[in-house]
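Novice: here is my input; please provide its structure:
(one chain, ligands or ions: 2)
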Amino acid sequence: MTGFFETKIEYLKGVGPQKGALLNKELDIFTFGEMLQHYPFRYEDRTKFYKIREIKPELQQVQVIGRIISVQVIGEGRKKRLVAQFADETGIMELTWFKGIQWVNKKLVKGVALVAFGKPQLFGSRFSMAHPELEPLTGKQDKGPYFQPVYHTTEKLRAKFLDSRGISRILAGLLPLAFSKIPETLPSRLCESMQLVSKQVAIQEIHFPSSPGNLRKASYRLKFEEFFFLQLRLLKLKLARTEKFRGKVLGQTQLLTQFYKEHLPFELTGAQKRVIKEIYADLKSGLQMNRLIQGDVGSGKTIVAFICLLVAVDSGYQTCLMAPTEILANQHYEGLKPFTEQMGLKIALLTGSSTKKQREAIHKELASGTLHLLIGTHALLEDVVVFQQLGLAIIDEQHRFGVAQRAKLWAKNKDFYPHVLVMTATPIPRTLAMTLYGDLDISVIDELPAGRKAIQTVHRYDKDRLKVFGFLKKEIAKGRQVYIVYPLIEESLKSDLKSLMDGYESICRAFNGLPIGILHGNMKAADKDFEMARFVKGETKIMVATTVIEVGVNVPNASVMVIENAERFGLSQLHQLRGRVGRGSDQSYCILMSKYELGKDSRTRLETMVRTNNGFEIADVDLRLRGPGDLSGTQQSGIMDLKLADLGRDGGILVQARAAAKAILEADPGLIQPENRPIADQVSRLRKNELNWSRIS
Ligand code: ADP
Ligand code: MG
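Specialist: Ligands and ions are numbered 1, 2, ... in the order given. Down below sits the predicted model:
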């Protein structure tokens, strides 16, 4: 049986097989239900009319009442265009058409009052509007409030008259049939306490807003619902897991106390202590731990990991630490080896370059239980790597591994799951973490070890370059070293390489006689190593480079980072680059160079960098500017199901929806109470939809 909402869209009056097939193909709309969920992505404010004199270049779209005073065809061939002079009592603007010139020309009538709507652009001293919407002034237009919904559509659909207005017409036919059948998906008590409008009203108002206030309420209700069901799913997963998987109780602390007393090389920060406590509580709880540690670069995650390993080893279990690259695995191994030796623990390193002999030895010691801590790359995941009993598995830089790899570590023991701790230095805003890792518990190390001086960041324009060079000379005279970074991207490789080389030459001239190195991705590996080694040894004072220095370089004496064309970098990249300095005890600086004219987003990025060193704050702004689309792992987590809600802008709604979902699940884990019936029904509808999808794709 198919219900109303599963009815094929082609059966709707006014659609038919041809348009129906096009809607399937172009917009993935197959059913009445999917059509109703094709929400407008913005609204045009048709409540305001501008006078021509009031128009400003930053206005996205304006609506003007005026009359055409003259019409002219200008230019030849591809530059040919139709230009109409359009005037009101305050001035004159131009309306232009590049296509359909003859057809439009026939329809333009001089002297009658018209409403023109479109995006104004300033050419010289006069505004122009290309391909405006034009209609006769009727009494209706200024009877606001009147929001025009704008829908996503495609060229092919437009050709069949399914432009934004065409889609709106379809919905105008569908909504009256559907309205009373739209089921309420949230309990009435929740709707009351959160002041949510009903689902029916929300759907009606999102497509045909009756006032700005009602539109806001509709949008809030639908976003809340999207977040609510996403969070509900994640929280249920978590609940199911903690119920199903009992964890081994790891509570021994003798080794840890010994380490604290005798070997701890520094005082832990408050944040480190707090996170260790959170983990310790998990380890001895009897439930299996799945926890994420977030901490900016240099916040000291490694020592936290090590301390937790000690608890596991002390309780009689083996442990492992997995890193995404050999370099990182090596670093961990070299860094932790002195500690394990002091404590009389056995540690080993397993990577792709381990020899057969080394591997065999490791396999043996793992099986017998004599090896306490195995560090390595994803070589750890291979089936031949068998532990006697793995108590705690730690993954460094989680974002480079997938969910599947995490699951493989889970399955390392035959009869129980190890505790799992994942660590990431990619600051993820809280709202996104709640969604990406909604099934994990989260700990945050939000404090850097004492004694580090905050990097001072400034923004300078290209015209200030001489002053900047003067500053660099002073720092170099004090014995410091400097990075100067240029953007280099695939799309503009040639011109970027040229500006890098030009920059290098002018720097050589400006700092004549000073040893200067250069580093970019197009160089041979041996040359790169050579240049890098010279800089590390302090033989070169300035390193002119591209973003290749982003990863893995550690030169504590380098205390100044200059970033050229800083407006072309993304925020998180700027933050990563800046993290290359500030590693020693000297005051470090980051100088962002840019041209004078900047777009709004570029300016926000640079201002954010100057304002804060906090990776989380930066990630928040980044998310707001870019949206979550290109952050890793978004696909697997259901974010793609979000139609209206936006993780960047709607974080506040997410937090409320998660709290509501949590409260309801805590009181009624099986969703069997009558008042939660609407939720249970919607969950099964969503599940059914998902099944349909997996069959199709
Ligand atoms: P990350 O969080 O980026 O992995 P690391 O664990 O590599 O950071 O730590 C960065 C540096 O800070 C290391 O040299 C480490 O020894 C040092 N460190 C860590 N915690 C402290 C602390 N509480 N006080 C001083 N130095 C610390
Ligand atoms: Mg680290």
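Novice: mean confidence score for stretch 315-330?
Specialist: For stretch 315-330, the mean pLDDT works out to 88.
Novice: which ones are touching the closest residue to ligand 1 within the stretch 251-400 of the chain?
Specialist: Closest residue of the stretch 251-400 of the chain to ligand 1, C-beta to the nearest ligand atom: residue 300 (2.8 Å). Quick note: C-beta positions are derived from backbone N, CA and C, even for glycine. Applying C-beta atoms under 8 Å, 6 or more residues apart in numbering, one finds that residue 300 lies in contact with 268, 269, 272, 445, 448, 449.
Novice: ok, and which of the residues you listed reach ligand 1?
Specialist: Contacts with ligand 1 within those, counted by C-beta under 6 Å from any ligand atom: 268, 269, 272, 449.
Novice: what about those residues, which one has the most neighbours?
Specialist: residue 272 (22 neighbours; other C-beta atoms under 10 Å).
Novice: residue 306 is in contact with that one, correct?
Specialist: No: between residue 272 and residue 306 there is no contact under C-beta atoms under 8 Å: 11.1 Å.
Novice: what does this structure have sitting close to ligand 1?
Specialist: 266-269, 272, 295, 297-303, 425, 449.
Novice: so which of those residues are in strands?
Specialist: Counting by DSSP state E, the part of the residues of the chain next to ligand 1 found in strands is residue 295.
Novice: and the residues of the chain next to ligand 1, which two are furthest apart?
Specialist: Using C-beta to C-beta, the pair of the residues of the chain next to ligand 1 lying farthest apart is 267 and 425, separated by 21.8 Å.
Novice: more crowded one of these two?
Specialist: Comparing residue 267 with residue 425 by other C-beta under 10 Å, the one with more neighbours is residue 425, at 20 against 10.
Novice: all strands for the stretch 301-450 of the chain, in order.
Specialist: 318-322, 347-350, 373-376, 390-396, 419-424, 441-445 (DSSP state E, counting those that start in this stretch).
Novice: show me what the helix or strand containing residue 661 is packed up against.
Specialist: Using DSSP states H and E, residue 661 maps to helix 651-667. Judged by 3 or more C-beta pairs under 8 Å, 6 or more residues apart in numbering; DSSP states H and E, helix 651-667 is in contact with helix 188-194, helix 212-244, helix 430-436.
Novice: going by proximity to ligand 1, name the top residue of the stretch 351-500 of the chain.
Specialist: Taking C-beta to the nearest ligand atom, the stretch 351-500 of the chain has residue 449 as its residue nearest ligand 1, at 3.2 Å.
Novice: now do the buried residues in the helix holding residue 661.
Specialist: For helix 651-667, a neighbour-count test (16 or more other C-beta atoms under 10 Å) marks 651, 653, 654, 656, 657, 658, 660, 661, 664, 665 as buried.
Novice: can you give me the pLDDT of residue 427?
Specialist: Reported pLDDT for residue 427: 67.
Novice: number the residues from 46 up from this point.
Specialist: Understood, numbering begins at 46; the last thing we discussed is residue 472.
Novice: hmm, residue 591 is touching residue 532, no?
Specialist: Yes: the criterion here is C-beta under 8 Å, and residue 591 meets it with residue 532 at 7.3 Å.
Novice: mind listing the helices for the stretch 446-595 of the chain?
Specialist: Using DSSP state H, counting those that start in this stretch, the helices of the stretch 446-595 of the chain run over 448-455, 475-481, 510-522, 538-555, 570-581.
Novice: from the contact counts, what lies against the longest strand belonging to the chain?
Specialist: For the chain, the longest strand by residue count, based on DSSP E, is strand 107-119. Where contact means 3+ C-beta pairs under 8 Å, 6+ apart, strand 107-119 is packed against strand 126-133, strand 136-142, helix 146-152, strand 159-163.
Novice: what's next to the next helix or strand after the shortest one, contact-wise?
Specialist: What that stands for is strand 159-163. Going down the chain from strand 159-163, the next helix or strand is strand 165-168, by DSSP H and E. Contacting residues not belonging to strand 165-168 are listed as 100, 102, 104, 106, 107, 138, 139, 172, 173, 174, 175 [C-beta under 8 Å, 6+ apart].
Novice: of those residues, closest to residue 454?
Specialist: residue 106 (52.6 Å).
Novice: nearest spatial neighbour of that closest one, chain-adjacent residues omitted?
Specialist: In space, and not counting its chain neighbours, residue 106 is closest to residue 164: 5.4 Å by C-beta to C-beta, 6 or more residues apart in numbering.
Novice: the one you found: how many residues sit nearby?
Specialist: Using other C-beta under 10 Å, residue 164 is surrounded by 13 other residues.
Novice: so who does it touch?
Specialist: Contacts for residue 164 were tallied using C-beta under 8 Å, 6+ apart; they are 105, 106, 107, 174, 175.
Novice: apply 7 Å and report the result again.
Specialist: 105, 106, 174 (C-beta atoms under 7 Å, 6 or more residues apart in numbering).
Novice: dump these to CSV, plus pLDDT and neighbour count.
Specialist: What follows is those, written out as CSV (pLDDT from 0 to 100; neighbours: other C-beta atoms under 10 Å):
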residue, pLDDT, neighbour count
105, 80, 9
106, 82, 17
174, 93, 23
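Novice: name the SS class of residue 636, please.
Specialist: What DSSP: H, G, I helix; E, B strand; the rest coil gives for residue 636 is strand.
Novice: could you pull up the residues touching it?
Specialist: Contacts for residue 636 were tallied using C-beta under 7 Å, 6+ apart; they are 503, 505, 513, 607.
Novice: are any of those residues buried, and which?
Specialist: 505, 513, 607.
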